[in-house]
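A.B. asks: Would you be able to build a 3D model of this:
(one chain, ligands or ions: 1)
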Amino acid sequence: MHGSSAPPHIAIEARNVTLSLSQTEILKGVDLSIRQGESLAILGPSGSGKSSLMAILSGLERASGGSVRVADIDYGPLDEDGLARARRGRIGIILQSFHLLPTMTAMENVAVPLELAGTADPFTRAAAELEAVGLGHRLHHYPAQLSGGEQQRVAIARAVAPGPRILFADEPTGNLDGATSDAIVDLIFARQVANDATLVIITHDPALAARCDRIVEMRDGHIVSERVA
Ligand SMILES: Nc1ncnc2c1ncn2[C@@H]1O[C@H](COP(=O)(O)OP(=O)(O)OP(=O)(O)O)[C@@H](O)[C@H]1O
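C.D. replies: Presented below is the predicted three-dimensional model:
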């Protein structure tokens, strides 16, 4: 359908996005376009609005103003349920604090979004995804029985299992030691390439940012600079 001369497909388009919570202006008019298959790093000081922007782009939070279009879906008219449906199977999210369900095993945590996305045989797929992140021997462990790096790998397996074309990661290596962190970064980029996914990654790590195609920097609720990595 797309010839070689076709313009690049825009996966994420934010226009003049604002966010106000508790009378605090958190995002003050953000414009951002991200191509399908592109990797983008968001840098910026603590409190500059990086996680808030990611929450809006990933459909976890509604913007107060402006427009957001992701995977050809206009978020504007969608309520919370609509946003959840829009995310399902299309968007993978890796959060710093993992958000694994504590009463479910590693395999169940990965199988749940597969089941919701209507995947046949979600448990077999979940086991294969955990195998791919080196956790084939931890399928039946609960999150509390896993190390921080192992929990992060479960969170990555869960996010990438449905094969989302868009992947968000908020400081995915924040709590990890150097070697584990390198392995996890390699894993995220490998899965991005395998799925030809768009990757948006918040990081304080310049080396990780440099692995992305493009870097934007936020300050005080604005994007203040943008460069090719
Ligand atoms: N529910 C809320 N009500 C009021 N202010 C909020 C709320 N949530 C976040 N904020 C404020 O919004 C600002 C941006 O927060 P955000 O988490 O997006 O920043 P960040 O750049 O991701 O920071 P960090 O690098 O520390 O994670 C912060 O000053 C924060 O205190």
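A.B. asks: So which bits of this protein are right by the ligand?
C.D. replies: Residues of the chain found near the ligand (Cβ under 6 Å from any ligand atom) are 21-22, 24, 26, 44, 46-52. Where C-beta positions appear, they are placed from N, C-alpha and C, glycine not excepted.
A.B. asks: which of these tops the neighbour count?
C.D. replies: In terms of neighbour count, Gly49 stands highest of the residues of the chain next to the ligand at 25 neighbours, by other Cβ atoms under 10 Å.
A.B. asks: which residue sits closest to that one, ignoring its sequence neighbours?
C.D. replies: Nearest residue to Gly49, sequence neighbours excluded (Cβ to Cβ, 6 or more residues apart in numbering): Gly221, at 4.6 Å.
A.B. asks: circling back to that earlier point, let me have the residues of the chain next to the ligand in a markdown table, adding secondary structure and pLDDT as columns.
C.D. replies: Listed next are the residues of the chain next to the ligand as a markdown table, based on DSSP: H, G, I helix; E, B strand; the rest coil; pLDDT from 0 to 100:
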| residue | secondary structure | pLDDT |
| --- | --- | --- |
| Leu21 | strand | 94 |
| Ser22 | coil | 90 |
| Thr24 | strand | 94 |
| Ile26 | strand | 97 |
| Gly44 | coil | 95 |
| Ser46 | coil | 93 |
| Gly47 | coil | 95 |
| Ser48 | coil | 97 |
| Gly49 | coil | 97 |
| Lys50 | helix | 97 |
| Ser51 | helix | 95 |
| Ser52 | helix | 96 |
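A.B. asks: Quick check: the farthest pair among the residues you listed?
C.D. replies: The two members of the residues of the chain next to the ligand with the most space between them (Cβ to Cβ) are Ser22 and Gly44, at 20.8 Å.
A.B. asks: In the helix or strand of the chain with the lowest mean pLDDT, which residues are buried?
C.D. replies: Least confident helix or strand of the chain, by mean pLDDT, DSSP states H and E, is helix 178-195 with a mean of 86. Across helix 178-195, burial judged by 16 or more other Cβ atoms under 10 Å covers 180-181, 183-185, 187-189, 191-192, 195.
A.B. asks: next one: stretch 138-157
C.D. replies: Those would be 138-139, 141-143, 146, 149-157, for stretch 138-157 by 16+ other Cβ under 10 Å.
A.B. asks: Lowest-confidence member of those residues, which is it?
C.D. replies: Scanning these for pLDDT, the low point is Gly149. It has 85.
A.B. asks: so how far is the ligand from Pro162?
C.D. replies: Counting by Cβ to the nearest ligand atom, to the nearest Å, the separation of Pro162 from the ligand is 25 Å.
A.B. asks: for Ala190, same thing?
C.D. replies: Separation of Ala190 from the ligand (Cβ to the nearest ligand atom) stands at 26 Å.
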